[in-house]
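Asker: show me the folded form of this:
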Amino acid sequence: MVKFRRKDRSKDKSKDKSKDKSKDKSKDKLKDKLKDKLKDKSKDKSKDKNVNIKIAPLEKSTDDVTEDDASQIISTDTNFIKERSESIDKLIGDNRDENQDDISTKEIAPTVSIETAPVSVTNSPDSKNENEGQCSNGLSDVSKKSTIENDMFDFGKKCTIRETNETTTDSNIEETPLESSWSRISGTRFSIRQPQYAKTSLKEPSAESLYECIGCRAFLSDQRVDLMDSSTSSSLFPLPDEFLNGDLPKLDDDRLPHLFIVHYQIPSEQPSMFCKTQDGRGGTIAFYFTPSKYFCNQSNAIFNEEQVEEENNLSNHDNVADDKITNGIKLFTEFCAECENGFEWRSKFKIIADVNDWEKYNPPSFISKLNGKPLLIRKSAEISRGSLSTDRGEKIRYLEYRINMHKWIYIAKKCMVSLLPNLADMIIDLGFTIEARNDDELPECILGAIQLKHIDPTNMAIIPM
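Answerer: Alright, predicted model coming up:
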């Protein structure tokens, strides 16, 4: 029988225990080391508890910091930090000073400036309550308004074109210098439609003009400028002296204006074939007309006759007025009453431009045949109509007819801009009328006529915007 020897496991157990003890001792040593490290770290943290940065070597700059850096890296060069902080403080101080000027006393430059440009000033927010009703430069609102009015009065004189009593048909005449000027001319220079025009196509010289030119102004601008503002009943410039110093023309019919303005708004930039514009850089030339005494007498006779007929229910028309202008006056009166609200009437306005020695300027064939011919103003027409009050309490009725040439088609604007350099040499006769389309509106009559001489855009004043 085989006997198996039983293994003594007590020794193995003792060995295992010794091993466990050695392991525990090693763990204790590790724990002690970790405690020591933690103590060291806590000491470091207590020393730098207000600093949460990573110290970089001196040669490493802030440019080396990447977005992945969790903490900010700075240079330990205290002089570098001090210099940067001082420069930043100085920069902030400079900006503060500039901003203070912008708020309180710095003048805002106009879009286009001239010597007499009005200055726009804003109040400082800090002094808004203390200096209410005053500008930052110490001027009251009334003084500011007065200053602007004086500036515009001075500019109105600066852009006024001189009137001369001489007219000419020779553009080659030598003048020293070629000064811009204008002259009154008779409406009889222009041929207009006569009775039964639809059948005969007959045109003959007009009767005398209904209105007389009393002034002309021209200036340059970065954008279109309207002379009259019907929404505020105001005028950009002071009115001609005839309205400030003299009596108003006596017109019984309230539909007729005491002041009739024809205003050209002319582009100076080369147009784009693919981009339509309605505004832009260019020039203005405007003509101020007032009714002649002859026109006032004839208009009042027609108006009073119509009033009597309405009261008496009469249909008999006595020829109390000149037959040559009766229909023209009636047509213009109806035009004034309807043009502001209706395109059909607004588009009846015609201009006749007759350039002396036209072929001398080699005009494009497209417009070479238009010289001296009536041209209808349709989509480019704009109207301002209203009244102004004088210091004596009188009401001045006005009508401003604007021709916005910025709206013209590409080829027309192209031709116009190409001819601008020749304006300083040109002599142009201008006439204005309302197109008659029915027999009871004929014959037509010239509203106003003027001759322009040597209008030089390069010598025009630039309006402050």
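Asker: show me what contacts the residue lying closest to Gln223 once chain neighbours are set aside?
Answerer: Distances taken as CB to CB, 6 or more residues apart in numbering place Asp279 nearest to Gln223, at 5.4 Å, with adjacent residues excluded. C-beta: built from backbone N, CA, C; applies to glycine. By CB atoms under 8 Å, 6 or more residues apart in numbering, the residues touching Asp279 are Gln223, Arg224, His406.
Asker: ok, now Gln298?
Answerer: By CB under 8 Å, 6+ apart, the contact set of Gln298 is Ala321, Asp322, Ile325, Thr326, Ile329.
Asker: now neighbour count too, for the contacts of Asp279, in JSON lines please.
Answerer: Output for the contacts of Asp279, formatted as JSON lines (neighbours: other CB atoms under 10 Å):
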{"residue": "Gln223", "neighbour count": "14"}
{"residue": "Arg224", "neighbour count": "20"}
{"residue": "His406", "neighbour count": "21"}
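Asker: how many neighbours does the nearest residue to Asp429 once chain neighbours are set aside have?
Answerer: Leaving aside its sequence neighbours, Asp429 sits nearest to Asp354 (CB to CB, 6+ apart; 4.4 Å). Neighbour count for Asp354, taken as other CB atoms under 10 Å: 17.
Asker: number the chain from 42, please
Answerer: From this message on, residue numbering opens at 42, which makes the last subject Asp395.
Asker: thought Asp395 was touching Gly413?
Answerer: Yes: taking CB atoms under 8 Å as the definition, Asp395 is a contact partner of Gly413 at 4.1 Å.
Asker: CA atoms only: put the helix or strand Glu347 falls within into CSV for me.
Answerer: Element membership for Glu347 (DSSP states H and E) is helix 334-353. C-alpha atoms of helix 334-353 as CSV (Å, rounded to 0.1, in the frame of the first residue of the first chain):
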residue,chain,number,x,y,z
LYS,A,334,-47.1,142.5,-66.4
TYR,A,335,-48.6,141.6,-69.7
PHE,A,336,-49.2,138.0,-68.6
CYS,A,337,-50.7,139.1,-65.3
ASN,A,338,-53.2,141.4,-67.1
GLN,A,339,-54.2,138.8,-69.6
SER,A,340,-54.4,136.0,-67.0
ASN,A,341,-56.5,138.1,-64.6
ALA,A,342,-58.9,139.0,-67.5
ILE,A,343,-59.4,135.4,-68.4
PHE,A,344,-59.8,134.4,-64.7
ASN,A,345,-62.3,137.1,-63.9
GLU,A,346,-64.3,136.4,-67.1
GLU,A,347,-64.5,132.7,-66.1
GLN,A,348,-65.6,133.7,-62.6
VAL,A,349,-68.4,135.9,-64.0
GLU,A,350,-69.5,133.1,-66.4
GLU,A,351,-69.7,130.6,-63.5
GLU,A,352,-71.8,133.0,-61.4
ASN,A,353,-74.2,133.9,-64.3
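Asker: so, low pLDDT: which residues of the chain?
Answerer: 42-72, 74-189, 210-218, 285-287, 354-362, 506 (pLDDT under 70).
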